[in-house]
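>>> sequence below, structure please.
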Amino acid sequence: MTKIIAFESSADETSVAVVEDGHIVLSNAVATQINSHQRFGGIVPEVASRHHIEWITRVLDEALLTANVSPDDLDAVAVTYGPGLVGSLLVGLMGAKSFALAHDLPIIPVNHLAGHIAAANFNAPIIYPALALMVSGGHTELVLMTSENDFAVLGETRDDAAGESFDKVGRLLKLPYPAGKTIDEMAHRGQATVKFPTAMAHEDNYDFSFSGLKSAVINYVHHAEQKGESINQNNLATSFQNAVVDALIGRTKRALEDFPVKSFVLAGGVAANKQLRDTLEILLKQFNDTQFIPVPLEYTGDNAAMIGAAGYWNFKQRIFADLDLNTNPGLDFDLIKQ
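As a prediction, the model looks like this:
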């Protein structure tokens with residue numbers, strides 16, 4: 001049994017977890033900063049970094065205590081080194097390095113995006129080849145995996161990510177940050193009274209675009225305000241969310257048709273969206289040879305358990321880093337060669 005302690009601090013969550021064999025979560029301590037950033041309508045990098053410094057040792061102690069392990073029981077230290085906010089990443093990276101140095105443990109560098117996908121193993125083992133829809137505040141990608149720990153991007157967003165568009169529409173409607181959950185709840189109470197555009201629907205690729213949709217919503221709201229008309233926010237939320245889900249489903253269906261896979265993973269913060277999960281479940285019924293493996297709801301957001309899961313992949317392949325490991329805020333997977 002391989003026990004890995006993992007550190008995650010790429011954005012506004014400070015988290016340390018202990019994961020066994022890549023799929024058993026012994027502990028997952030998370031300190032969130034949502035209340036500190038809500039008044040700004042988004043993450044303030046400097047504020048996030050300071051909170052990480054305040055919380056990193058607390059969540060470390062909590063993770064060890066909850067898992068009932070000592071440093072001697074651990075085999076390695078996994079840590080997110082990108083992508084993310086550079087100041088936030090540095091806090092987790094220095095915490096992981098210090099712990100590894102103090103206890104003579106190897107350091108495993110982990111791509112944050114790989115962590116989101118690896119968290120599907122908390123639901124069921126990923127079967128390869130696999131396709132993953134990675135949907136978060138900063139990324140919207142279709143990722144093909146021909147084997148464990150092998151990632152190639154089929155398509156990605158050309159502008160705003162899906163989660164980013166949720167937050168921008170949320171600010172327009174004066175909803176609390178982050179707005180994704182609130183919009184999802186509102187959408188289930190409303191009706192689709194507006195037909196917003198689905199960008200690039202007829203283009204022959206797997207890419208996404210949500211900037212035009214965001215602009216269409218803004219223009220609709222401003223036009224109504226200029227005419228003195230009231231807006232049913234639930235109906236607007238339904239119409240907007242339908243357009244987002246339609247775009248994600250359309251590209252996903254095309255990729256599933258072109259790349260037969262044995263499992264399909266839904267990962268990232270937006271993977272918690274109920275409409276998206278339900279619609280994908282219906283879609284996957286058309287692909288009998290493909291198992292749908294959504295990341296469990298409690299691991300869709302940023303957390304260290306997912307970093308431990310991805311760290312286990314690296315551990316098995318002996319992918320370690322030296323103490324001079326640095327952050328890579330722009331880290332991403334490679335685009336597939338068509």
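>>> distance between the helix or strand harbouring Asp61 and the chain's centre?
For Asp61, the host element (DSSP states H and E) is helix 45-67. Here helix 45-67 is found 20 Å from its chain centre; the criterion is Cα atoms, centre = their mean, to the nearest Å.
>>> contacts only, for the residue lying closest to Trp313 once chain neighbours are set aside.
Closest residue in space to Trp313, ignoring its immediate chain neighbours: Asn149 at 4.0 Å, by Cβ to Cβ, 6 or more residues apart in numbering. For the C-beta atoms, the positions are set from N, CA and C on the backbone; glycine is no exception. Counting by Cβ atoms under 8 Å, 6 or more residues apart in numbering, Asn149 touches Ala114, Ala310, Trp313, Asn314, Gln317.
>>> write the PyMOL selection for whichever of these are buried.
Those of the contacts of Asn149 that count as buried under 16 or more other Cβ atoms under 10 Å are selected in PyMOL with:
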select buried, resi 114+310+313+314
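>>> in helices, which of the contacts of Asn149 fall?
Members of the contacts of Asn149 lying in helices (criterion: DSSP state H): Ala114, Ala310, Trp313, Asn314.
>>> got the residues you listed as CSV, with distance to Val19 columns?
Formatted as CSV, the ones in helices among the contacts of Asn149 follow (distance: Cβ to Cβ, whole Å):
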residue, distance to Val19
Ala114, 14
Ala310, 10
Trp313, 11
Asn314, 12
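>>> can I get those in CSV with pLDDT and distance to Ile126?
Shown next, in CSV, are the ones in helices among the contacts of Asn149 (pLDDT from 0 to 100; distance: Cβ to Cβ, whole Å):
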residue, pLDDT, distance to Ile126
Ala114, 97, 12
Ala310, 98, 11
Trp313, 98, 10
Asn314, 97, 15
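>>> and of the contacts of Asn149, the nearest to Phe196?
Of all these, Ala114 has the smallest distance to Phe196: 32.5 Å, by Cβ to Cβ.
>>> with adjacent residues omitted, what lies nearest to the closest one?
In space, Ala114 is closest to Ala310, 4.2 Å off (Cβ to Cβ, 6+ apart).
>>> close enough to count as contact, that neighbour and Phe122?
No: using Cβ atoms under 8 Å, Ala310 makes no contact with Phe122, being 11.7 Å away.
>>> returning to what we had before: which helix or strand lies directly C-terminal to the helix holding Asp61?
Helix 45-67 is succeeded, C-terminally, by strand 76-82 (DSSP H and E).
>>> circling back: got the buried residues for the helix holding Asp61?
Neighbour-count burial for helix 45-67, with 16+ other Cβ under 10 Å as criterion, is recorded at 48-53, 55-56, 59-60, 62-64, 66-67.
>>> show me what the longest helix seen in the chain is packed against.
Longest among the helix segments of the chain by residue count, using DSSP H, is helix 233-258. For helix 233-258, the helices and strands in contact under the criterion 3 or more Cβ pairs under 8 Å, 6 or more residues apart in numbering; DSSP states H and E are strand 130-135, strand 140-145, strand 152-156, helix 162-172, helix 180-187, helix 211-226, helix 274-284.
>>> quick one: the first one to helix 162-172, angle?
Strand 130-135 runs at 20 degrees relative to helix 162-172, counting by axes from the mean of the first three to the mean of the last three Cα atoms, to 10 degrees.
>>> next, the angle from strand 130-135 to strand 152-156.
Put simply, strand 130-135 runs at 40 degrees to strand 152-156, going by the same axes, to 10 degrees.
>>> direction included, what does strand 130-135 pair up with?
Using DSSP bridges, strand 130-135 pairs in its sheet with strand 140-145 (antiparallel), strand 263-267 (parallel).
>>> now do that strand, average pLDDT.
The average of the pLDDT scores along strand 130-135 is 97.
>>> so where's this protein shaky on pLDDT?
33-48, 337-338 (pLDDT under 70).
>>> please parse it into its domains.
With domains defined by automatic domain parsing, the chain comprises 3-117+299-316, 126-294.
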